[in-house]
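sequence and predicted structure are below.
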Number of protein chains: 2
Amino acid sequence: MTPAQFFKCLSDDTRLRCITLLHKEGRLCVCELTAALALSQPKISRHLASLRQCGLLQDSREGQWVYYRINPELPAWTWPLLQNALAAVESTGHFKNDQVRLQQMDARPDTPLCC
Amino acid sequence: MTPAQFFKCLSDDTRLRCITLLHKEGRLCVCELTAALALSQPKISRHLASLRQCGLLQDSREGQWVYYRINPELPAWTWPLLQNALAAVESTGHFKNDQVRLQQMDARPDTPLCC
DNA sequence: TTAAAGTATACGGAAAAGCATATATTTATG
DNA sequence: CATAAATATATGCTTTTCCGTATACTTTAA
């Protein structure tokens, strides 16, 4: 992944909101992101697929659900950028209303409540 | 400027190369950038205009030449991102061959040698 | 084995981005 | 004033991005 490609990943609000929530929550399935951002499932799925294809995200299927997380093996130079990107989102107040629907502790990870 | 817009500015190689050189040199005119990157003048001019319009760059005409610099009044949240972006470019070795043609000290700023 | 939930992808269209080329504009200079 | 240099913009085109909708795939559960 080149720096320009990395920035392109972050250059769209939907992708940036997904990444922000994934960083906050650790991992989320598609339906949780769809519910949290109030966007259509194919839209979320397409953006997640593009982020996976460029190496920013990892996915793992668990039964019915596909969980996404930030790829822990990203190149070293991306980490400070990612940190500052999230800090920038935080400091500008963008997406401050985005939040994953609260889950009952004993409901995860088997059954996301959102679906 | 939103974070996503900021990242879009950095998501193109030509723009990233311009920003990298401008950060290194402080300020450069269009013909210096055109020569340093070996790209067409309209292409450079268009990218610089887009970066100026979104607030990332400032321009100032000095006689025949228009000098661009990184806008010193960028919002605070952009600075660490910019720093890390340049560090990323450096560490990945991209654009490592880009350099402004050396100027004789007494030739600047009146007459860029490149033109 | 059928149905339903969760997810991915195909398709078609709209909008934006990016480019090469040509031309206009501004400034300096003879 | 005419010309040349530096820069900006217009034009037409191709490519990419983004989206909504429809549909296919996968897994679970009845």
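Received it, and whenever you're ready, just let me know what you need. Fair warning: this is a prediction, and the values are worked out from it, not measured in the lab.

A:Ser40 reaches A:Leu33, doesn't it?
No: counting by C-beta atoms under 8 Å, A:Ser40 does not reach A:Leu33; the two are 11.3 Å apart. Placement of C-beta: from N, CA and C, glycine included.

got the CA coordinates for stretch A:71-81 in CSV?
This file holds the C-alpha atoms of stretch A:71-81, laid out as CSV (Å, rounded to 0.1, in the frame of the first residue of the first chain):
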residue,chain,number,x,y,z
ASN,A,71,-5.6,-5.1,10.2
PRO,A,72,-3.1,-5.5,13.0
GLU,A,73,-0.3,-6.1,10.5
LEU,A,74,-0.5,-2.8,8.8
PRO,A,75,2.9,-1.3,7.9
ALA,A,76,4.5,0.6,10.7
TRP,A,77,4.3,4.0,8.9
THR,A,78,0.5,3.8,8.9
TRP,A,79,0.0,3.6,12.6
PRO,A,80,0.8,7.2,13.6
LEU,A,81,-1.2,8.4,10.7
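
that stretch and chain B, are they touching?
Yes: interface with chain B: stretch A:71-81 contributes A:Pro75, A:Ala76, A:Trp77, A:Thr78, A:Pro80, A:Leu81 (C-beta under 8 Å from any C-beta of the partner chain).

save those residues as JSON lines, and put in secondary structure too.
Formatted as JSON lines, the residues of stretch A:71-81 next to chain B follow (DSSP: H, G, I helix; E, B strand; the rest coil):
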{"residue": "A:Pro75", "secondary structure": "coil"}
{"residue": "A:Ala76", "secondary structure": "coil"}
{"residue": "A:Trp77", "secondary structure": "coil"}
{"residue": "A:Thr78", "secondary structure": "helix"}
{"residue": "A:Pro80", "secondary structure": "helix"}
{"residue": "A:Leu81", "secondary structure": "helix"}
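
coming back round to it: for A:Ser40 and A:Leu33, indicate the residue with more neighbours.
Counting neighbours by other C-beta atoms under 10 Å in any protein chain shown for A:Ser40 and for A:Leu33 shows that A:Leu33 has the greater number, 25 against 10.

how about the secondary structure of that one?
At A:Leu33, secondary structure determined by three-state DSSP is helix.

what's near enough to touch it?
Neighbour list for A:Leu33: A:Cys18, A:Leu21, A:Leu22, A:Ile44, A:Leu48, A:Tyr68, A:Val100 [criterion: C-beta atoms under 8 Å, 6 or more residues apart in numbering or on different chains].
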